[in-house]
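Student: prediction below, plus the sequence it came from.
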Amino acid sequence: MRRVAVRIGLSLMSVTAALTMSMACAAATPTGATVEGASPGGGTSGSMVDAPAPRPAPSVRMPVDRRVSAVGFVDVRTAVPDAVLDLRYATTDNFVGERLYPPNARCLVHESMIPGLRTAARMLRAGGEVLVFWDCYRPHSVQERMFEKVPDPAWVARPGPYSTSHEAGRSVDVTLAARRPNCPPQRIVGDHCRLDMGTDFDSFTPRATAYATDGVAAPARAARARLRDAMAAGGLTVYAGEWWHFDGPGADVRRPVIDVPVA
């Protein structure tokens, strides 16, 4: 009986020690931890720290309105779970100077864009960079308001009886971001720092063209090239007039005007 009691006592000591170690490990883990690489859209952060290249976030099909799914649109985070959203037309920080989308707008794209965006994001992620989305699907009424403000087809597509590529969900406006220390406040988005690409979004200047060299510093030209290469690897083509605009498969096909909610 003494041997049994000794064994039981030793076993209880082992269990107690294991529980103590488990509790200590749990206490060392921060609460509210999130999956690395998943980033909220918009917002600002007071400081930035160096971080390793984000690991691929798990792919989850984000639920959308039935009217949205009926035309083949999906939330871009279905393809790129770590996408950073900086939807400028959901703010007044755009060339129109008005809030054109509701504050809770989503980045919607046609499902044909998913393979290409997934490939591009994977390629950029390997270098510690992520895609920042400035615009995706654009309602026809918004396209009309934009053209009223800037009636120049070189910069803003003329609205007509068919959907433009943005209205069809087959074009995106994107840039790059990474986790960087000492990020200028105007380039902080979520917990990332937007890279200097030579111009801001909707610059409407010669420096905004995709292959501009005059007035565009070498690091910005290199960043644009990395973005183009990654998107091209996914079969997405840059629009020569805007370094941030990329077309997906069938972007130039005429389609009926689509009108679905962006939120």
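Tutor: Yep, it's here. Numbering: from 1, shown residues only.

Student: residue 118 touches residue 78, doesn't it?
Tutor: No. Checked against Cβ atoms under 8 Å, the pair residue 118 and residue 78 is beyond contact range at 9.2 Å. All C-beta spots, glycine's among them, are computed from the backbone N, C-alpha and C.

Student: neighbours around residue 72, how many?
Tutor: Applying other Cβ atoms under 10 Å, we find 15 residues neighbouring residue 72.

Student: go on, residue 133?
Tutor: Residues within reach of residue 133, counting by other Cβ under 10 Å, total 24.

Student: same question for the one 4 residues further on.
Tutor: Around residue 137 there are 27 other residues, counting by other Cβ under 10 Å.

Student: also residue 81?
Tutor: With neighbours defined by other Cβ under 10 Å, the count for residue 81 comes to 19.

Student: same thing with residue 152?
Tutor: Residue 152: 10 neighbours (other Cβ under 10 Å).

Student: with residue 166 instead?
Tutor: Considering only other Cβ under 10 Å, residue 166 is surrounded by 24 other residues.

Student: name the nearest residue to it, ignoring sequence neighbours.
Tutor: Nearest residue to residue 166, sequence neighbours excluded (Cβ to Cβ, 6 or more residues apart in numbering): residue 138, at 3.9 Å.

Student: got a list of what that neighbour touches?
Tutor: 89, 164, 166-167 (Cβ atoms under 8 Å, 6 or more residues apart in numbering).

Student: could you identify the buried members of the residues you listed?
Tutor: Buried by 16 or more other Cβ atoms under 10 Å: 89, 164, 166-167, out of those.

Student: can you pick out the most distant pair from these?
Tutor: Using Cβ to Cβ, the buried ones among the contacts of residue 138 span at most 14.2 Å, a distance reached by 89 and 164.

Student: now residue 132, what's its secondary structure?
Tutor: strand (DSSP: H, G, I helix; E, B strand; the rest coil).

Student: ok, residue 97 - contacts?
Tutor: Applying Cβ under 8 Å, 6+ apart, no residues contact residue 97.

Student: how close does it get to residue 151?
Tutor: 16 Å (Cβ to Cβ, to the nearest Å).

Student: in contact with the nearest residue to residue 246 once chain neighbours are set aside, which residues?
Tutor: Take residue 246 and drop its neighbours on the chain: the residue closest to it by Cβ to Cβ, 6+ apart is residue 236, 4.4 Å away. The contact partners of residue 236, taken as Cβ under 8 Å, 6+ apart, are 113, 116-117, 120, 172, 246-248.
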